[in-house]
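1. Provided below are the primary sequence and the corresponding predicted coordinates.
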Amino acid sequence: GIQVEQSPPDLILQEGANSTLRCNFSDSVNNLQWFHQNPWGQLINLFYIPSGTKQNGRLSATTVATERYSLLYISSSQTTDSGVYFCAVLNSGYSTLTFGKGTMLLVSP
Amino acid sequence: ETGVTQSPTHLIKTRGQQVTLRCSSQSGHNTVSWYQQALGQGPQFIFQYYREEENGRGNFPPRFSGLQFPNYSSELNVNALELDDSALYLCASSPQGYEQYFGPGTRLTVT
């Protein structure tokens, strides 16, 4: 099946710093989603981005489907941005999301 | 618009018992997917239901089974619970093949 790799696995930032999270995938995809998992386990939808670039406030994402990667940018980070960020892809011809192992982000005041 | 809901929130069971978890999908969504998330891992796909039929299954044994009802709500049943079944169980709903929206999860502990 498709492989999804996220980097870095862990990231520690000072409040106000910017960061880039990366997601590489091993095959063509129909769908790519970025999620933020809060401390209670809820997966919050950030972006649905099979290709192109989207922005939502301080967050933006870019997916280059032909090169099989996606990037999530967090600018001016806040302590509330802390948590685990997951990339998940929907493989062509399949109906299920395959998740990466996530990036654990800690933003300190 | 009501989002995806799951019940119960937490559950403690004994090895060998059976458990049923429930999920109500978001209005207008005809597809429900179930995932298992072990501690420190990403969610793993269990199975998906589309219009009351199973529409794909991950690498989980047959003691994991499910149902989808005409109102698109769903159940996950696990028989003969094992200690390794302790995990966060997540339900997601979507229009078929599109963006998935997750519920808050059910945290199952097997002792």
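-> Alright, I've got the coordinates.
2. What is the burial count for residue 66?
-> Just going to use chain A. 8 (other C-beta atoms under 10 Å in any protein chain shown). All C-beta spots, glycine's among them, are computed from the backbone N, C-alpha and C.
3. try again with chain B
-> Neighbours around B:G66, by other C-beta under 10 Å: 22.
4. Right, and chain B sits closest to which residue of chain A?
-> A:F99 (3.5 Å; C-beta to the nearest C-beta).
5. So stretch A:24-40, near chain B or not?
-> Yes: Stretch A:24-40 comes into contact with chain B (C-beta under 8 Å from any C-beta of the partner chain), by way of A:30-31, A:33, A:35, A:40.
6. Determine which two of those residues are furthest apart.
-> Distance extremes for these: the farthest pair is A:N30 and A:W40 at 29.8 Å, using C-beta to C-beta.
7. which of the two has more neighbours?
-> A:N30 (15 against 11).
8. Near chain A, which residues of chain B are found?
-> B:31, B:33, B:35, B:37, B:41-45, B:48, B:50, B:55-56, B:58, B:88, B:90, B:92, B:96-102, B:104-105, B:107.
9. Got a quick ChimeraX command for the buried subset of those residues?
-> Filtering the residues of chain B next to chain A down to the buried ones (16 or more other C-beta atoms under 10 Å in any protein chain shown) takes a single ChimeraX command:
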select /B:31,33,35,37,42,43,44,45,48,50,55,58,88,90,92,99,100,101,102,104,105,107
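10. Quick one: the helices in chain B, in order.
-> Taking DSSP state H, chain B contains no helices at all.
11. Flag the shaky bits of it, pLDDT-wise.
-> In the predicted model of chain B, residues B:1-2 satisfy pLDDT under 70.
12. In it, which residue sits closest to chain A?
-> B:G42 (3.5 Å).
13. I'd say that residue and A:V89 touch.
-> No: using C-beta atoms under 8 Å, B:G42 is not in contact with A:V89, being 11.4 Å away.
14. Among the residues of stretch A:24-40 next to chain B, pick out the one closest to A:P50, please.
-> Out of the residues of stretch A:24-40 next to chain B, the member with the shortest distance to A:P50 (by C-beta to C-beta) is A:N31, at 5.2 Å.
15. which residues sit in contact with that closest one?
-> A:48, A:50, A:89-90, A:97, B:97-99 (C-beta atoms under 8 Å, 6 or more residues apart in numbering or on different chains).
16. I'd like to know which of the residues you listed is nearest to A:F25.
-> Using C-beta to C-beta, these come closest to A:F25 at A:V89, 5.1 Å.
17. so that closest one bridges to which residues?
-> Applying DSSP bridges to A:V89 yields these beta-bridge partners: A:L32, A:T98.
18. Can you get me the start-to-end distance on stretch B:45-56?
-> 9 Å (C-alpha to C-alpha, to the nearest Å).
19. any idea how far that stretch is from the chain center?
-> 10 Å (C-alpha atoms, centre = their mean, to the nearest Å).
20. quick one, strands of chain B?
-> With strands called from DSSP state E, chain B shows them at B:5-7, B:10-13, B:19-24, B:31-37, B:44-50, B:53-57, B:64-68, B:74-78, B:87-94, B:101-102, B:106-110.
21. so where's chain A uncertain?
-> A:92-94.
22. List, one by one, the residues from it near chain B.
-> Counting by C-beta under 8 Å from any C-beta, chain A sits next to chain B at A:30-31, A:33, A:35, A:40-43, A:45, A:48, A:86, A:88, A:90, A:94-102.
23. Since that was my last question, I'll sign off now.
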